[in-house]
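[1] Structure for the following, please:
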Amino acid sequence: MAESARELLQRLLARGDGVAVDGGRLTLTPASGHPVPAEWLSEHEWPLITEAARLAGMEPLEYIGHSVGNYGPRKDGGVTLQFRSLIDGRDWYAIFNAYTTRARTTKHGKAGSPLPKGRFRMGKRSNFLKFWNRTGQKVPKSLDAFSDYMGKLRSQIFTGHQSKGERLEAATLAPLCIKQQELAAHPHVNIPGKARVTSGLIPGKVRVNFPGKELAQPQQPRGLQPNQTTGDANYGNTVIRECGYKGIPKPPKEQTNEEWLEEYGRAG
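    Numbering: from 1, shown residues only. So this is what the prediction gives:
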């Protein structure tokens, strides 16, 4: 029977490995000092992030696409970012104000004329720019070029506060961050010699739960086909970070979790 993400996370923590989520990416530092195989990380990063978020009481959100439009009675410009929960597959979205018209007259069009379909521009003090800075992604030289960079968000996992229904408060949207100490201190994590923690909350942690939401078994919505319908989510494949891989006699993709853990454990 295959080892679950929860069991795997428990074993990594019990071995003294450093497991955390930083900037929406998994950080795994084996106590043995043995490098983590890229193929192994590619397979297990998302499930481990999902389980870590479940323990921390947080909602891990995968970016799946964006749409641009003019909303409300005044037809104000905006960009909608679409997300999907890695825990139960529920869809979420956040809306940022945006400009959908040209700022100045150029050879491509007059000032105030509509930008090409799907394109938008941002102000220097916009909430979207603040969000982008929180991601750690490089800011485009031109604030009307974000449309060309949105795919980079697929490499990170996010979280945020619920506004109403499936809408997120845009100002709270940020890459998921969970410290190693928070995971190790959780009462459901069994680490030999660890003092028992009786509180249901991680010490010093503000729980970010969505009201009335029951956490189901983790799902892994990966490899979805693009949906080109206007206004709908533009689904895409997740992009997994690759790390250096050195000297594992047996290819990682052919190893079980037990074999890989035993392999780098011996190296330590």
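[2] Please identify the buried residues of the one helix or strand Ser67 maps to?
    Ser67 belongs to strand 61-71 when elements are defined using DSSP states H and E. Neighbour counts using 16 or more other C-beta atoms under 10 Å place Leu61, Glu62, Tyr63, Ile64, Gly65, His66, Ser67, Val68, Gly69 of strand 61-71 among the buried residues. Bear in mind the C-beta positions are built from the backbone N, C-alpha and C, glycine included.
[3] What is the nearest of those to Gln180?
    Nearest to Gln180, judged by C-beta to C-beta, of these is Leu61 at 21.3 Å.
[4] where does the stretch 101-250 of the chain have low pLDDT?
    For the stretch 101-250 of the chain, the stretches with pLDDT under 70 are 187-250.
[5] for it, what spans make up the helices?
    For the stretch 101-250 of the chain, the helices defined by DSSP state H, counting those that start in this stretch cover 127-135, 180-184.
[6] show me the residues around Leu129 that make contact.
    Met122, Gly123, Val139, Leu143 (C-beta atoms under 8 Å, 6 or more residues apart in numbering).
[7] let's see it at 7 Å
    Taking C-beta atoms under 7 Å, 6 or more residues apart in numbering as the contact definition, Leu129 lies against Met122.
[8] The chain should start at 13 in everything you say after this.
    Right, with 13 as the first residue, what we last looked at is Leu141.
[9] about what we covered before: next SSE downstream of the strand holding Ser79?
    strand 88-97.
[10] List of residues touching the next helix or strand after that following strand?
    The helix or strand immediately downstream of strand 88-97 is strand 103-109, counting by DSSP H and E. Residues from elsewhere that reach strand 103-109, judged by C-beta under 7 Å, 6+ apart: 73, 88-97, 138-140, 172, 178-180, 182, 185, 245.
[11] same thing with stretch 33-44?
    Here stretch 33-44 makes contact (C-beta under 7 Å, 6+ apart) with 27-32, 48, 53, 57, 60-61, 64, 148, 168-170, 187-190, 253, 276-277, 279-280.
[12] for the record, mean pLDDT for it?
    The average pLDDT for stretch 33-44 rounds to 94.
[13] Can I get that stretch in PDB, CA atoms only?
    Provided in PDB are the C-alpha atoms of stretch 33-44 (Å, rounded to 0.1, in the frame of the first residue of the first chain):
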ATOM      1  CA  VAL A  33       6.900  26.000   3.000                       C
ATOM      2  CA  ASP A  34       8.600  29.300   2.000                       C
ATOM      3  CA  GLY A  35       7.300  31.600  -0.700                       C
ATOM      4  CA  GLY A  36       4.700  29.000  -1.800                       C
ATOM      5  CA  ARG A  37       7.400  26.400  -2.400                       C
ATOM      6  CA  LEU A  38       8.500  23.300  -0.500                       C
ATOM      7  CA  THR A  39      11.800  23.500   1.400                       C
ATOM      8  CA  LEU A  40      13.200  20.100   2.300                       C
ATOM      9  CA  THR A  41      16.600  19.900   4.000                       C
ATOM     10  CA  PRO A  42      17.500  16.300   4.900                       C
ATOM     11  CA  ALA A  43      19.300  15.900   8.200                       C
ATOM     12  CA  SER A  44      21.800  13.600   6.500                       C
END
